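Student: fold the following and give me the result.
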Amino acid sequence: MAPTSTARLERLPDLSTAEVRRQLKPRPHPYWHRLWYGRFLGYAKNSVIPTRWFARYHRKDGRYRQMTVGSTDDQQPANGTSVLTFHQALEAAQQRFRTTEISADASDPNPIGRKTSLLYCPVGQTYTFGHALQDYLEWKRLRSAATHFNVIVALINYHILFRFGPVAIDELRGELFREYFQEVLETPPKHGKRPVGERRPLFTWDNEALRKRKKTVNALITILRDTLQLAWQNSKTDNDRLWRSLRTFPNVDRPRMVHLSRPECRVLLKTCRPDLRRLVLGALYTGCRSLELLRMRVCDVGRDGYGGYVLPSKTCRPRFVFLPDEGMAFFLSLIRNKPAQSLLFLRDNGHPWSEYHRHLFRAAIRKAGLPEDFSFHGLRHTYASQLVQAGAPLTVISEQLGHVNTVTVSRTYGHVSPQIRESDVRQRFTVLEAKNARAADEQKRMLARWRSSLHGSDWRTYARIGDLSSVRN
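Tutor: Next up is the predicted model:
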């Protein structure tokens, strides 16, 4: 049997249950149960041969290799052939993975789930920066949303620990941080398991790539400053000069330029399969993040208002999202004849989405001929941009999106639809000199044709701000 593609990979809740296996439909490739990232136990069920257990592992060359483990206990053994229960197959697969041949060929396995602690254990009587980071993480664990906490842990483990973990907090100096920030700026970002590129001088970076690196450094500066400040507040150090002197880079935030117009939204919806179309519509009607939609239940619709209740995800605050009439009609159609605790958005086979929607959405974007860099999260930006263009107050938009204040909305979406800004300036400007006003009136048709020619075929490029940062910032 040929190895299956990554796109076909799915994790079932419990292959150990015979009842679950009986309900699975026959298909040519196995159902996979992930043991670790890079290690799998498979259950093959088709209409030609008896059911079997398979093992599968990720190789160092990036490909997958799978092998037969044995027959399943779903059938009666024939001619003395032994069969394996789920747990017996699991143990047999683990033994295969531990053999010398496979250990030399396989990539390193990784535990399922995100790391929630430091990859370092601070010890000793000297209060090191590792001790300070541990105290900081425990404080953030109490007050931060889970998704934000996971990002902080990942940044500390990858960027900070190896450099400053063993250093005594009173031995830290500003020049150490300056050298470290320059190193991060000049080092290309890491993508998954791919190796990191070679360090390059700042003048060889284009402005957009450098802006992104500066944004990463700003996140690290915030962690370093907050850690040092907490240590000072806890009387672990008397030095408050260091955290007070740490300053973030200016001009690194970029307005969200990639969003869809209403005609483009309609084209996208036509290319989506039915269950993905429902999820996309949910995002366009609410502006919710994908995780917020996937956690939404039937009982959340119409709860205490004309809209839907949204559980906290990125922030720790729940919110209520009001809906337009057509959005309310759509959500009411989703909850019809469903149990109150049922998830609102499911795949057509009845399974939860998990992250399965991502590659389907990318395929729909390509099929619709839309920008390749448009992600599912861009639907949230599309929702906000449409409200900004329609003149909705920023306070309304920020509350719908779940932002703490209007600053984020103004910074992120204040640029949208230059045509709207252009129209406002033209119509609201008070006459300054009558001579020029008469000339403009006489040339009205010519100016209209010229203005129309400037708009071009792609509305996203009109009056676009190309660079918001500078190498010399």
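Student: for the biggest strand by length in the chain, buried residues please.
Tutor: Across the chain, the longest stretch assigned as strand under DSSP state E is strand 64-72. Counting neighbours by 16 or more other Cβ atoms under 10 Å, one finds that the buried residues in strand 64-72 are 66, 69-72. Every C-beta, even on glycine, is put in place using the N, C-alpha and C of the backbone.
Student: let me have those in a markdown table, extended by pLDDT and distance to residue 357.
Tutor: What follows is the buried residues of strand 64-72, written out as a markdown table (pLDDT from 0 to 100; distance: Cβ to Cβ, whole Å):
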| residue | pLDDT | distance to residue 357 |
| --- | --- | --- |
| 66 | 90 | 26 |
| 69 | 89 | 31 |
| 70 | 86 | 35 |
| 71 | 87 | 35 |
| 72 | 87 | 31 |
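Student: and the residue nearest the centre of the chain, how far is that from residue 212?
Tutor: The centre of the chain sits closest to residue 377, judged by Cα atoms, centre = their mean, with a distance of 7.6 Å. Computed as Cβ to Cβ, to the nearest Å, the residue 377 to residue 212 distance reads 16 Å.
Student: please apply the same query to residue 408.
Tutor: Residue 408 sits at a distance of 18 Å from residue 212 (criterion: Cβ to Cβ).
Student: same deal with residue 323?
Tutor: 35 Å.
Student: who has more neighbours out of the two?
Tutor: Shown here are residue 323 and residue 212; by other Cβ atoms under 10 Å, residue 323 has more neighbours (20 against 15).
Student: quick one: that one and residue 310 touch, right?
Tutor: No: if you go by Cβ atoms under 8 Å, residue 323 and residue 310 don't touch, sitting 11.6 Å apart.
Student: got any residues that touch both of the two?
Tutor: residue 286 (Cβ atoms under 8 Å, 6 or more residues apart in numbering).
Student: and residue 158, how far from residue 187?
Tutor: As it turns out, when the distance is counted by Cβ to Cβ, residue 158 lies 11 Å from residue 187.
Student: ok, which stretches of this protein are strands?
Tutor: Here the chain has its strands, by DSSP E, at 31-36, 39-44, 52-58, 64-72, 83-84, 307-310, 319-322.
Student: turn those into TSV, including distance to residue 381.
Tutor: Below are the strands of the chain laid out as TSV (distance: least, Cβ to Cβ, whole Å):
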stretch	distance to residue 381
strand 31-36	32
strand 39-44	36
strand 52-58	34
strand 64-72	35
strand 83-84	50
strand 307-310	17
strand 319-322	16
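Student: of the ones you listed, which is nearest residue 93?
Tutor: Closest to residue 93 of these is strand 52-58 (Cβ to Cβ; 3.9 Å).
Student: what does the closest one rub up against?
Tutor: With contacts defined as Cβ under 8 Å, 6+ apart, strand 52-58 is touched by 1, 3, 30, 32, 37-44, 64-72, 84, 89, 92-93, 96-97, 102, 106-107.
Student: grab the longest helix from this structure for me.
Tutor: helix 207-233 (DSSP state H).
Student: tell me which residues of that one come out buried.
Tutor: For helix 207-233, by 16+ other Cβ under 10 Å, it's 210-211, 213-214, 216-218, 220-221, 223-232.
Student: swap in stretch 335-352?
Tutor: Of all the residues in stretch 335-352, those buried under the rule 16+ other Cβ under 10 Å are 335, 343-347.
Student: now swap in stretch 169-177 and tell me
Tutor: 169, 172, 177.
Student: gap between the two ends of that stretch?
Tutor: End-to-end distance for stretch 169-177, by Cα to Cα, to the nearest Å: 13 Å.
Student: what about it, distance to the chain center?
Tutor: The gap between where stretch 169-177 is centred and where its chain is centred comes out at 33 Å by Cα atoms, centre = their mean, to the nearest Å.
Student: for stretch 271-282, same thing?
Tutor: Worked out by Cα atoms, centre = their mean, stretch 271-282 lies 19 Å from the chain centre.
Student: cool, stretch 175-191 as well?
Tutor: On Cα atoms, centre = their mean, the centre of stretch 175-191 falls 23 Å from the chain's centre.
Student: domain ranges for the protein?
Tutor: 6-105, 129-245, 262-416, 432-461 (automatic domain parsing).
Student: show the end-to-end separation of the second one, please.
Tutor: Pointing back at domain 129-245 there. Using Cα to Cα, the end-to-end distance of domain 129-245 comes to 17 Å.
Student: pull the residues that contact stretch 116-126.
Tutor: For stretch 116-126, contacts defined as Cβ under 8 Å, 6+ apart pick out 128, 130-131, 133-134, 137, 141, 149-150, 153, 156-157, 161, 165, 168.
Student: and those residues, which two are the farthest apart?
Tutor: 150 and 168 (28.5 Å).
Student: contacting residues around residue 357?
Tutor: Contacts for residue 357 (Cβ under 8 Å, 6+ apart) come out as 276, 279, 290, 376.
Student: which one's more surrounded, residue 158 and residue 187?
Tutor: residue 187 (16 against 11).
Student: ok, now how distant is that one from residue 312?
Tutor: Distance from residue 187 to residue 312, by Cβ to Cβ: 34 Å.
Student: ok, now residue 134?
Tutor: Distance, residue 134 to residue 312, by Cβ to Cβ: 26 Å.
Student: in terms of neighbours, single out the busier of these two.
Tutor: Set side by side, residue 134 and residue 312 show more neighbours around residue 134, with 19 against 15, by other Cβ under 10 Å.
Student: just the pLDDT at the more buried one, thanks.
Tutor: pLDDT, residue 134: 93.
Student: hey, C-alpha coordinates of stretch 90-104 in PDB?
Tutor: The C-alpha atoms that make up stretch 90-104 are tabulated as PDB, following Å, rounded to 0.1, in the frame of the first residue of the first chain:
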ATOM      1  CA  LEU A  90       0.400   0.200  19.500                       C
ATOM      2  CA  GLU A  91       3.100  -1.600  21.400                       C
ATOM      3  CA  ALA A  92       4.200  -3.400  18.300                       C
ATOM      4  CA  ALA A  93       4.500  -0.100  16.400                       C
ATOM      5  CA  GLN A  94       6.500   1.400  19.200                       C
ATOM      6  CA  GLN A  95       8.900  -1.500  19.100                       C
ATOM      7  CA  ARG A  96       9.300  -1.000  15.300                       C
ATOM      8  CA  PHE A  97      10.100   2.700  15.900                       C
ATOM      9  CA  ARG A  98      12.800   1.800  18.400                       C
ATOM     10  CA  THR A  99      14.700  -0.500  16.100                       C
ATOM     11  CA  THR A 100      18.200   0.600  14.900                       C
ATOM     12  CA  GLU A 101      17.200   0.700  11.200                       C
ATOM     13  CA  ILE A 102      14.200   3.000  11.800                       C
ATOM     14  CA  SER A 103      15.800   5.200  14.400                       C
ATOM     15  CA  ALA A 104      18.600   6.000  11.900                       C
END
